[in-house]
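1. Quick one: sequence and predicted model below, then my questions.
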Amino acid sequence: MSNVETKPMELRCGASVDGGHPADAAARVEVLTARDVPLGGPRAMTVRRTLPQRARTLIGAWCFADHYGPDDVAATGGMDVAPHPHIGLQTVSWLFSGEIEHRDSLGSHAFVRPGELNLMTGGHGICHSETSTPDTTVLHGVQLWVALPEQHRDAARDFQHYAPEQVHVDGAAVRVFLGSLAGQDSPVTTFTPLLGAELVLEPRASLTLDVDPGFEHGLLVDQGLVRFAGAEVRRADLGYVHPGLDSLTLTNLTDEPARAVLLGGPPFDEEIVMWWNFIGRSHDDIARAREDWENATDRFGAVEGYPGDRLPAPALPNAVITPRRNPPRA
């Protein structure tokens, strides 16, 4: 998905400056509230963005999280994101309902469906389009980005599709689309260790999961009210836990099923600059990528089959992007 804001935030992000924490301190949860972002047009589909924000810019290498729906396509027109570029990242598409058609400059033509992962790598440069299909009545899901480390930030274009098996553990249904959890391992290639999983908890169910203590974790709640490592996390909020825990307990506090996406990874120890759909290491990286896109160079290629023009890049800010870090922990 594109960040189609006309004045995208300028972010220079780095690893947390608060250092390591013992397991007993790590249980404290930061609850991050989303901000609404319209995806363009008078009937714009609105997404809820929990990453990046002032309170936290990264969870592992996860650097961007949009949560949308359930969206009545008849009222909003659904998703229609014209061809747009990416550098320095992987996009992760995961749906709860509906269907999205994906086309990219690698030549991939695929569909995003509930319970199936689409992961696209745009290292040195890629472009793609995303549109909800005509049969989609309700669109509902998450769009996530992963920052590529310096060693791989110019990686070749790639596209992977994976449909993880749903397993049942202690009153919960689990689908692991990246990394390892609950005895399940995803075969999908990433450039840093990552965890990504959908969890559906039965009413009043409680689930304890063994996790990597070197990971920081985030729980994005899609529906319900979930107690996560001792803190209540409401719908559309994201609960964050520092590294140090070797297990996480989640409890559904409602009489209806609760659904959430669990993200994780070791703290990302590199500074990155995020602007529009680009992740670089400097303002110059971003300016160069924007110029290449506006000049239609071979860097990004072209999307075949989309019935319309590609997205133009917004104007660059007048100032050099300034450093921005996760705040120190109290």
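-> Noted; the coordinates are in hand.

2. Residue 197 is in contact with residue 261, isn't it?
-> Yes. With contact defined as C-beta atoms under 8 Å, residue 197 reaches residue 261; the gap is 7.1 Å. Every C-beta, even on glycine, is put in place using the N, C-alpha and C of the backbone.

3. So which helix or strand of this structure has the lowest pLDDT on average?
-> Comparing helices and strands within the chain by mean pLDDT, DSSP states H and E singles out helix 23-26 as the least confident, with a mean of 44.

4. Just checking: what are the partner strands of the next helix or strand after it?
-> Under the assignment DSSP states H and E, the closest C-terminal helix or strand after helix 23-26 is strand 29-32. If you go by DSSP bridges, strand 29-32 pairs up with strand 238-241 (antiparallel).

5. Can you name the element that comes right after the partner strand?
-> Toward the C-terminal end, the helix or strand that comes next after strand 238-241 (DSSP H and E) is strand 247-252.

6. hmm, who's touching that following strand?
-> By C-beta atoms under 8 Å, 6 or more residues apart in numbering, the surrounding residues in contact with strand 247-252 are 172, 199, 201-211, 217, 219, 224-230, 241, 258, 260, 262.

7. Show the buried residues in these.
-> Burial by neighbour count, judged by 16 or more other C-beta atoms under 10 Å, picks out 172, 199, 201-202, 205, 207, 209, 211, 217, 219, 224-229, 241, 258, 260, 262 from the contacts of strand 247-252.

8. For the biggest helix by length in the chain, name the packing helices and strands.
-> Counting residues, the longest helix found in the chain (DSSP state H) is helix 283-294. Identification of packing neighbours for helix 283-294 by 3 or more C-beta pairs under 8 Å, 6 or more residues apart in numbering; DSSP states H and E yields strand 272-275, strand 278-280.

9. Now do the longest one, average pLDDT.
-> What it means is strand 272-275. Strand 272-275 carries an average pLDDT of 92.

10. and residue 279, what does it touch?
-> 63, 87, 88, 89, 145, 147, 148, 153, 272, 273.

11. Skipping adjacent residues, who's closest to it in space?
-> In space, and not counting its chain neighbours, residue 279 is closest to residue 88: 3.6 Å by C-beta to C-beta, 6 or more residues apart in numbering.

12. before we move on, the earlier item: now tabulate the helices and strands packed on helix 283-294 in JSON lines and tack on distance to residue 300.
-> Putting the helices and strands packed on helix 283-294 into JSON lines (distance: least, C-beta to C-beta, whole Å) gives the following:
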{"stretch": "strand 272-275", "distance to residue 300": "16"}
{"stretch": "strand 278-280", "distance to residue 300": "11"}
